[in-house]
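Q: Mind folding the following:
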Amino acid sequence: MFLRITNYIKNNSKELLVSFCLVYFSNDTLLFGTNQNKVFFWIHIIVLCLVLVFLFLKNKTIHNEYIPLLFVTILLNLLTIVINYDLSIKYLFELMMLFIGIFVSQSFSKEKFFNCFCFWIKTICLFSIGAFITALIFPSIINALPTITNKNGNIYHFALFTFIEPVGYSVLPRVYGIFREPGVFMIFIGMAMIFELLFKDKIQIKSFIIYVIAMLSIFSTAGYISLALILVLAFLKILLSKNIADKKRNIFAMLLVLVALGLFIAYFGFDRLNSFVFNKLRVENASSTSRFGSFAGNLRMFFENPIIGKGYSFAENNFTLYASYSGYSNAHNTNTFLKILSVHGIIYFAFITIAIFKFFSFSKNKLLSLMMFGIFILMLCNEDLIVNTIIYVIAIFGLANQRREYENSINKRSSLWQYS
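A: From the prediction side, this is the model:
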């Protein structure tokens, strides 16, 4: 086991290094994003700059296929900046993410990079599960761990690859992975599960059980809904498989996953979980207000300037006001896709959405592609990840894939012409 992991790290060192930096040093983590200590924010900026330099030195040039992408993206951003007179630093950050995405797409294969992404998410899940179990059995160990404080003054215990609330803070201990919110951790686990289904023919039994237990331990309403949808997706992929041996193996794998799910529910009790997790669907609270307010507020801003959007500064400074027009007071913007729409307008939004859809079209089955894309969209409607580099890497891999498919079809036609 240890030897196999060592060989994997050795054979995928560059992909693992870059994917680790993009995940661990993300602006959407507790340590580097919402940490009260501003020094960590600048560390995250420095690390991303170093990643960009590393990838630039590895590539030294931008392939011609990306030039139209750069031109269109920069032009749309400039129009948004000039027309809205918006000088937000986030446009530069977005440009840096765009270049990182381009260089990642040029440097690594889609399968290898996202397999390495899954490796790190699995590691985070294992640490989180360990912290969760420790909080249940030996809470004094959790209380002895070092702490950090976020911008809102909330304290979290830190254990290298996971954060956990102080014991007794909630009815049940909640793990955050390395992320600023359980909902963000949920999205990354969901992405890892979808990538496993997208790039691997066989369901990895151990991996899926780890993902499922980690998702359950977050106690996120959106996470439980996403998990149910992903499990339906997995069952559908199994049923569509033409390999009988793989089908039997995958059915056995999913049965083990369901057993793990059943044991978790049996241990904590359905009524207890229902009250703790799903009560927010029935009772008005800050979470539900922000989810519904994100739809109303972003759409209201979008309709005021549908072509090139309202810009970052306006969207972030006026979101609460626009959400309140629809009756959602004190809402927070938690919808990545609709925030792209309100900030950038319909052209940029369509550009990113089509790119992400093309990424999931890697699956040979159109129904599975559509379901993966739909679940991914639903997850991103739960949190604001508009400046998360992984989202841009996914989009650019999608556009690059589209271009390469076209070039491959041209090359095949040329070959047929030569031999005809």
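Q: What does Thr147 show for phi and psi?
A: Dihedral angles phi and psi of Thr147 (degrees, to the nearest 10) take the values phi -120, psi 160.
Q: Give me the distance between the residue nearest to it when sequence neighbours are not counted and Leu258.
A: Counting by Cβ to Cβ, 6 or more residues apart in numbering, the nearest residue to Thr147 once its immediate chain neighbours are dropped is Ile155, at 5.1 Å. Quick note: C-beta positions are derived from backbone N, CA and C, even for glycine. Distance from Ile155 to Leu258, counting by Cβ to Cβ, to the nearest Å: 36 Å.
Q: you'd agree Leu145 is in a helix?
A: No: in this structure, Leu145 is coil, not part of a helix, as judged by DSSP: H, G, I helix; E, B strand; the rest coil.
Q: measure the nearest residue to it once chain neighbours are set aside to Phe179 for me?
A: Leaving aside its sequence neighbours, Leu145 sits nearest to His157 (Cβ to Cβ, 6+ apart; 4.1 Å). Using Cβ to Cβ, one obtains 15 Å as the distance from His157 to Phe179.
Q: Looking at those two, which one has more neighbours?
A: With neighbours defined as other Cβ atoms under 10 Å, His157 and Phe179 compare such that Phe179 has more, 28 against 22.
Q: tell me the average confidence for stretch 398-410?
A: Confidence over stretch 398-410, taken as the mean pLDDT, stands at 55.
Q: correction: stretch 84-101
A: Throughout stretch 84-101, pLDDT has a mean value of 92.
Q: Dump the C-alpha coordinates for it into CSV.
A: Listed next in CSV are the C-alpha coordinates belonging to stretch 84-101 (Å, rounded to 0.1, in the frame of the first residue of the first chain):
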residue,chain,number,x,y,z
ASN,A,84,-19.0,50.2,-15.2
TYR,A,85,-15.9,52.2,-14.3
ASP,A,86,-14.9,49.3,-12.0
LEU,A,87,-11.3,49.0,-10.8
SER,A,88,-11.6,45.9,-8.7
ILE,A,89,-8.4,43.8,-8.2
LYS,A,90,-10.5,40.7,-8.8
TYR,A,91,-10.2,41.2,-12.6
LEU,A,92,-6.4,40.8,-12.3
PHE,A,93,-6.9,37.8,-10.1
GLU,A,94,-9.3,36.4,-12.7
LEU,A,95,-6.6,36.9,-15.4
MET,A,96,-4.1,35.1,-13.3
MET,A,97,-6.5,32.1,-13.0
LEU,A,98,-7.1,32.2,-16.7
PHE,A,99,-3.3,31.9,-17.4
ILE,A,100,-2.9,29.2,-14.8
GLY,A,101,-5.8,27.3,-16.4
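Q: I'd like the distance from that stretch to the chain centre, please.
A: A distance of 19 Å separates the C-alpha centroid of stretch 84-101 from that of its chain, computed with Cα atoms, centre = their mean, to the nearest Å.
Q: do stretch 357-377 as well
A: Between the centre of stretch 357-377 and the centre of its host chain there is 15 Å, according to Cα atoms, centre = their mean.
Q: Kindly check the end-to-end length of it for me.
A: 10 Å (Cα to Cα, to the nearest Å).
Q: Just the residues contacting it, thanks.
A: 110, 190-191, 194, 197-199, 226, 229-230, 233, 236-237, 240, 337, 356, 394-395, 397-399, 401-402 (Cβ atoms under 8 Å, 6 or more residues apart in numbering).
Q: Of those, keep whichever come out buried.
A: Taking 16 or more other Cβ atoms under 10 Å as the criterion, what is buried in the contacts of stretch 357-377 is 110, 190-191, 194, 197-199, 226, 229-230, 233, 237, 337, 356, 394-395, 397-399, 401-402.
Q: thinking again about what came up before, show only the entries of the contacts of stretch 357-377 found in helices.
A: 110, 190-191, 194, 197-199, 226, 229-230, 233, 236-237, 240, 337, 356, 394-395, 397-399, 401-402 (DSSP state H).
Q: ok, the nearest residue to Thr134 once chain neighbours are set aside to Pro173 distance?
A: Counting by Cβ to Cβ, 6+ apart, Ile141 is the residue found nearest to Thr134 once chain neighbours are left out, at 5.4 Å. Per Cβ to Cβ, Ile141 is found 12 Å from Pro173.
Q: cool, Ala253 as well?
A: Taking Cβ to Cβ as the criterion, Ala253 is separated from Pro173 by 28 Å.
Q: Run through who's touching whichever helix or strand Ile142 is part of.
A: When secondary structure is defined by DSSP states H and E, Ile142 falls within helix 139-143. Helix 139-143 is touched from outside by 131, 134-135, 157, 164, 166-168, 173, with contacts defined as Cβ under 8 Å, 6+ apart.
Q: In it, which residues are buried?
A: Along helix 139-143, these residues count as buried under the neighbour rule (16+ other Cβ under 10 Å): Ile142.
Q: what distance separates whichever helix or strand comes after that helix from the centre of its chain?
A: On the C-terminal side of helix 139-143, the closest following helix or strand by DSSP H and E is strand 147-149. On the basis of Cα atoms, centre = their mean, the separation between the geometric centre of strand 147-149 and that of its chain is 24 Å.
Q: Likewise for stretch 237-253?
A: Here stretch 237-253 is found 27 Å from its chain centre; the criterion is Cα atoms, centre = their mean.
Q: Average pLDDT for that stretch, rounded please.
A: Mean predicted lDDT for stretch 237-253 stands at 75.
Q: what comes up buried for it?
A: For stretch 237-253, a neighbour-count test (16+ other Cβ under 10 Å) marks 237-238, 241, 249-250, 253 as buried.
Q: before we move on, what about stretch 335-355?
A: 335-345, 348-349, 351-353, 355.
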